[in-house]
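Undergrad: coords please:
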Amino acid sequence: MSLAGKIEVDVELKASGDQFYKIFSNEVHQMPNASSRIQAVDLHEGDWKTPGSIKLWKYIIDGKTEIFKERVHFDDRDKCITMDGVEGHVLEKYKKYKGIFQVINKDEGGLVKLSLEYEKHKAADEPPYPYLDFVAGVIRDIDAHLVKAA
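TA: As a prediction, this is how the structure comes out:
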């Protein structure tokens, strides 16, 4: 049995895909204002807008505070954001963890295709469904924040 896997979910947006991509790619430091699940996003290396920069997230999942340090990559043409896990609680549970956010505009609103790629430590470990649900919830929070601000 393979230890690597991928889980996915599509999250519909009421706000435009462009609005969502902008906040997630260039204004990530505003996330705590948009989602109560996110306590802080701090810059660890680089800057807020440059691909390859490293950010440190502090968030609450299942009632516990965790951290996630990630290296971010952007594909502005395809509106795709990739976050490669560098350190943090999720990497205590998985050898590899990568979040991929593909943002799609629609006639009304948009869509985020969320994929989590991971590698388990051992075959008996469960896929990261709690993290998939958590990130989908953050996407919904950001969408609601953007709609309210419009």
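
Undergrad: run the chain-centre distance for the host helix or strand of residue 21.
TA: Using DSSP states H and E, residue 21 sits in helix 17-26. When C-alpha coordinates are averaged (CA atoms, centre = their mean, to the nearest Å), helix 17-26 and its chain have centres 12 Å apart.

Undergrad: helices or strands next to that helix in the packing?
TA: Using 3 or more CB pairs under 8 Å, 6 or more residues apart in numbering; DSSP states H and E as the contact criterion, the elements in contact with helix 17-26 are strand 80-88, strand 94-105, strand 110-120, helix 129-149. (Each C-beta comes from the backbone N, C-alpha and C, glycine too.)

Undergrad: buried residues, the last one. List them.
TA: Right, helix 129-149. 131-132, 134-135, 138-143, 145-146 (16 or more other CB atoms under 10 Å).

Undergrad: which of the helices and strands packed on helix 17-26 sits closest to residue 34?
TA: Residue 34 sits nearest to helix 129-149 of all these, at 3.7 Å, using CB to CB.
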